[in-house]
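S.K.: Provided below for reference: sequence and predicted model.
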Amino acid sequence: MTDDTRARILRAALDMFAARGYHAVTVREIAEHLGLTKTAVLYHFPSKSDIIPALAEPLLAEMDAVLAAAERRPDPESARWAVVTGLLDLWLSHGRLLQMHMRDQALSAHTATFGRLRDAAMRAQELIAGADPDLAARVNAAQVYAALSDPVVIFADQPAVELRAAILEGARRLLGSPVPQVMSADPPPAATTRRLAQDRPAVRGRPGTMSGEMVNAARKMRASGAYTVDDIAVELGVSRATLYRHLSARGAPSAAAE
């Protein structure tokens, strides 16, 4: 199916770009990895650079949402920490994309995408700096912003909860203010499930099995009431049928109920 082929291309491209670098991977290699023709890949993405905005769009849309929510906060201090914790959870959930970009600045390959990322970064730093910041506050905000993403890539093999706590502690030291308790809680389920899906070795098509950790994460997402089965399947990179099969022992909802 066309949509499934497009999704497979994106998953394979992200894996290959993160492992080897955007510039080192060719469209032909992506096609061969998936058992497709080069023409089939180019049908969905007319050039390799066109893959970049499709990979980056979820991240950029979620960044906009985090920043918009922070701007609605009643005071600069709560807005600052809403940006810090919101972006950190976002980086944790998109670790492979960050890894891809850190390897060879891959997001710069598409001018409009890089421009959106740059503008969002500047907007975030303004919120972190607070109202009427002096030079020191602006520099401090830039340091905090950079310190949120790099450790996510460098320490990607560490447990997400522990890594998040350590990064927040570093931000607290840079900002000189305590992390609000409500914002210091564990990362949302989506951050954990995306990391689980991203860390799984790439295979052709969607995998038919789930690890125990993935099943537990899926159950937590369902229990939260914030995710549909379709949402969870996308986050974990599995089919609805696979998800239902693994959740059935705990009373998964019927397909008709979704």
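M.R.: Looks like it came in fine. Residues are numbered from 1 along each chain as shown.

S.K.: List the buried residues of stretch 34-43.
M.R.: 34, 36, 41 (16 or more other Cβ atoms under 10 Å). All C-beta atoms are positioned from the backbone trio N, CA, C, and that covers glycine.

S.K.: excluding its backbone neighbours, what's nearest the last one?
M.R.: Taking Cβ to Cβ, 6 or more residues apart in numbering, and ignoring the residues beside it in sequence, V41 has A31 as its nearest neighbour in space, at 4.7 Å.

S.K.: got the residue ranges for the strands in the stretch 51-200 of the chain?
M.R.: Remark: no strands are assigned in the stretch 51-200 of the chain by DSSP state E, counting those that start in this stretch.

S.K.: Please tell me I have it right and A147 contacts A171.
M.R.: Yes - the pair A147 / A171 is scored as a contact, 6.4 Å apart, by Cβ atoms under 8 Å.

S.K.: who has more neighbours, the two?
M.R.: A171 (22 against 16; other Cβ atoms under 10 Å).

S.K.: Name the surrounding residues that touch stretch 38-53.
M.R.: Stretch 38-53 is contacted from outside by 2, 5-6, 9-10, 13, 22, 25-28, 30-31, 34, 54, 106-107, 109-110, 112-113, using Cβ atoms under 8 Å, 6 or more residues apart in numbering.

S.K.: quick one: which of the residues you listed sit in helices?
M.R.: Assignment to helices by DSSP state H places the following of the contacts of stretch 38-53 there: 2, 5-6, 9-10, 13, 27-28, 30-31, 34, 54, 112-113.

S.K.: ChimeraX command for the buried members of those residues?
M.R.: Selection command for ChimeraX covering only the buried members of the ones in helices among the contacts of stretch 38-53, criterion 16+ other Cβ under 10 Å:
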select :9,10,13,27,30,31,34,54,113
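
S.K.: and which of the ones in helices among the contacts of stretch 38-53 is nearest to Q125?
M.R.: Taking Cβ to Cβ as the measure, Q125 lies nearest T113 of the ones in helices among the contacts of stretch 38-53, at 19.0 Å.
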